[in-house]
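Undergrad: Based on what follows, work out the 3D shape:
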Amino acid sequence: MQDYCDPEVTMSTEPSFREKYAFPASYWNANLTELFERAAYYSMASFIVIYLARLGLGDYWPSTLNGVLWFLVYFLPILSGTIADQIGFRRSLLIACVLLVCGYFLMGYPVWFGGQTLALQAGKEVTAGAGVMVPVAAAIVLIGIGGSFVKPCIAGTVQRTHLGKATLAFAIFYMVINLGSVFGRLTAFFVRTKLGRLETIFIVSMVAAVLAFLVVLLRYRDPDTTGEPAKPKRSIPEVLLGMVKVLGSGRFAMFLVVSSGFYFIYNQVYNVLPLYVKKTVELSPAMDLYTMANPITIVLFQLLITKTFGKLPPIKSIIVGTVIIGLSMLINVAPLFMAGGVTAKALLPMGSLFIVLTVALIAFGELFASSRLYEYIGSLAPKGQEGLFLGYANLPMAIGSLIGGPAGAWLFNDVMCKGAVKQADGLLKLDPQAAATGWVILTCFGLGSALSLWIYNRWLQKQV
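TA: Take a look at the predicted model:
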């Protein structure tokens with residue numbers, strides 16, 4: 001009998017590096033497309049509310065419109081994924097890239113060709129006219145629709161080309177998402193600081209979207225489905241009927257409500273945090289670099305968290321992540337009461353330093369919660385309907401974003417900035433008590449969401 005420790009046996013059975021990472025060309029080209037698309041989106045994501053505020057959209061519209069943008073990106077895949085299945089991934093991706101290029105162009109249009117100038121700081125009232133509002137609204141719709149096509153096409157390609165190595169294939173895919181995020185932010189930082197103009201971030205977004213288009217046009221081909229069972233194609237009315245069916249499940253609808261609290265807090269990374277730093281801490285914050293703490297933390301700790309806590313039941317992991325994301329907001333109370341306040345300098349202004357720590361902590365919450373959401377939703381679905389229910393797994397993010405935009409604007413302007421005094425340099429000097437109240441409210445919302453998830457799970461167990 002052969003000894004299983006025989007090195008020759010090991011060498012003959014252990015796959016080589018090339019064999020382990022051997023995937024079809026469509027898989028790698030899809031990932032390259034995803035990298036450029038994510039680079040395009042995150043080139044501008046950290047500054048969009050600051051940009052819109054400086055364009056004259058006042059205190060409330062920037063966050064509200066940003067919430068609508070995130071809502072479209074995460075809600076519309078329910079419909080765009082169905083269209084992509086019908087017309088093909090390649091054609092869908094080409095259309096998506098064209099829409100994204102046009103959307104990013106329209107975002108910069110008011111400054112480039114509309115004669116608008118960016119104010120140093122945002123005013124309270126809306127001063128922008130139709131020359132700003134129309135192209136910005138059109139840009140949000142185009143970016144939302146374009147972005148909604150990309151995710152189901154790329155994820156669908158990965159699903160069809162993983163060659164029995166789904167875990168590895170999707171791990172690479174998620175790594176590419178974060179690498180694209182880092183690449184986009186770094187490039188945007190270099191370009192805008194070199195040229196000294198904030199609106200140049202949309203040039204970076206446009207170029208990245210064009211590169212994604214070229215990858216799809218020249219390299220990407222729809223994955224080969226020969227030998228696979230034909231997937232039934234659903235019409236848009238059937239998709240909407242499926243949504244009614246899914247939401248008609250009381251326990252799933254309830255889960256959507258209680259789990260959206262996590263994404264409500266997450267959405268404030270791109271609403272409250274940029275406004276807080278820009279208006280109260282420093283005039284020219286490097287929000288692209290500050291928010292880069294999120295993808296870097298995920299890349300560095302994803303394997304460790306998965307290995308250490310992977311056996312934790314999905315609902316407990318989601319609850320832990322929600323607690324972490326809630327507590328991440330509370331640490332911003334500390335610099336409010338330090339000597340020198342939020343503008344006191346260390347490596348960064350103290351307010352900015354704690355924002356970076358907040359973003360990193362939110363990434364840990366994401367590692368615990370987001371990665372287990374699909375697993376838990378699958379367990380909620382009636383037997384045989386897992387695929388249907390998983391198709392609506394992005395709804396918590398869509399709900400949290402839609403509510404998080406206007407709610408974040410209210411929380412920052414009416415709670416945190418209550419009693420604030422405008423200083424000579426244009427920054428607001430916050431009343432520490434009022435500002436702390438805002439951060440505590442966000443924390444309580446996160447902890448309340450975690451508690452509601454725990455209560456929900458206890459209720460669900462009693463129904464079995």
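
Undergrad: Would you mind listing the buried residues in the helix or strand that contains Ile298?
TA: Using DSSP states H and E, Ile298 maps to helix 293-309. Residues of helix 293-309 classed as buried: 293-299, 302, 305, 309 (neighbour count, 16 or more other C-beta atoms under 10 Å). Bear in mind the C-beta positions are built from the backbone N, C-alpha and C, glycine included.

Undergrad: from those residues, which single one is nearest Gly400?
TA: Closest to Gly400 out of the buried residues of helix 293-309 is Asn294 (16.0 Å), distances taken as C-beta to C-beta.

Undergrad: That closest one against Ala360, yeah?
TA: Yes - assessed by C-beta atoms under 8 Å, Asn294 is found in contact with Ala360 at 7.2 Å.

Undergrad: Hmm, Arg54 and Thr127 touching each other?
TA: No - taking contacts as C-beta under 8 Å, Thr127 lies outside contact range of Arg54: 10.8 Å.

Undergrad: Settle it for me: which of the two has more neighbours?
TA: Arg54 (22 against 13; other C-beta atoms under 10 Å).

Undergrad: Was I right to think that one contacts Glu199?
TA: No - Arg54 is beyond contact range of Glu199, at 9.5 Å (criterion: C-beta under 8 Å).

Undergrad: Can you tell me the closest non-neighbouring residue to Gln121?
TA: Gly426 (4.7 Å; C-beta to C-beta, 6 or more residues apart in numbering).

Undergrad: list the contacts for that neighbour?
TA: 120-121, 283 (C-beta atoms under 8 Å, 6 or more residues apart in numbering).

Undergrad: and which of those is nearest Leu411?
TA: Distances from Leu411 to the contacts of Gly426, taken as C-beta to C-beta, are shortest for Gln121 (19.3 Å).

Undergrad: doesn't Lys279 make contact with that closest one?
TA: Yes - counting by C-beta under 8 Å, Gln121 touches Lys279, with 6.8 Å between them.

Undergrad: Show me the common contact partners of the two, please.
TA: Common neighbours of Gln121 and Lys279 (C-beta under 8 Å, 6+ apart) are Leu427.

Undergrad: which of the two has more neighbours?
TA: Neighbour comparison, Gln121 and Lys279: the larger count goes to Lys279, with 25 against 16 (by other C-beta under 10 Å).

Undergrad: To which secondary structure element is the more buried one assigned?
TA: Lys279 belongs to helix 272-280 when assigned by DSSP H and E.

Undergrad: Let me see the mean pLDDT of that helix.
TA: For helix 272-280, mean pLDDT rounds to 96.

Undergrad: helices or strands next to that helix in the packing?
TA: helix 48-54, helix 61-75, helix 287-290, helix 350-380, strand 428-429, helix 432-463 (3 or more C-beta pairs under 8 Å, 6 or more residues apart in numbering; DSSP states H and E).

Undergrad: ok, now with 10 Å
TA: helix 48-54, helix 61-75, helix 287-290, helix 350-380, helix 395-410, strand 428-429, helix 432-463 (3 or more C-beta pairs under 10 Å, 6 or more residues apart in numbering; DSSP states H and E).

Undergrad: now it against helix 350-380, angle please.
TA: Computed by axes from the mean of the first three to the mean of the last three C-alpha atoms, to 10 degrees, the angle separating helix 272-280 from helix 350-380 equals 170 degrees.

Undergrad: Roughly how far does Val333 sit from Lys429?
TA: Val333 sits 16 Å away from Lys429, taking C-beta to C-beta, to the nearest Å as the criterion.

Undergrad: and if you look at Pro295?
TA: Taking C-beta to C-beta, one finds Pro295 at 33 Å from Lys429.

Undergrad: Show me the shaky parts of the stretch 201-350 of the chain.
TA: Within the stretch 201-350 of the chain, the segments meeting pLDDT under 70 span 225-233.

Undergrad: now the residue nearest to His162 when sequence neighbours are not counted: how far from Tyr21?
TA: Leaving aside its chain neighbours, His162 sits nearest to Ala169 (3.6 Å; criterion: C-beta to C-beta, 6+ apart). Here the criterion is C-beta to C-beta. By it, Ala169 lies 10 Å from Tyr21.

Undergrad: same deal with Ala293?
TA: On the measure of C-beta to C-beta, Ala293 and Tyr21 end up 29 Å apart.

Undergrad: quick one on the thing from earlier: how about the helix holding Ile298 as CSV, C-alpha atoms only?
TA: What follows is helix 293-309, C-alpha atoms only, in CSV (Å, rounded to 0.1, in the frame of the first residue of the first chain):
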residue,chain,number,x,y,z
ALA,A,293,-9.2,52.8,5.2
ASN,A,294,-12.2,50.7,4.4
PRO,A,295,-11.0,48.6,1.5
ILE,A,296,-7.4,48.4,2.9
THR,A,297,-8.8,47.0,6.2
ILE,A,298,-10.9,44.5,4.3
VAL,A,299,-8.0,43.3,2.2
LEU,A,300,-5.7,43.0,5.2
PHE,A,301,-8.2,41.3,7.6
GLN,A,302,-10.7,39.4,5.4
LEU,A,303,-8.8,36.1,5.6
LEU,A,304,-8.2,36.4,9.4
ILE,A,305,-11.8,37.3,10.2
THR,A,306,-13.1,34.5,8.0
LYS,A,307,-10.8,31.9,9.5
THR,A,308,-11.3,33.0,13.1
PHE,A,309,-15.0,33.7,13.1
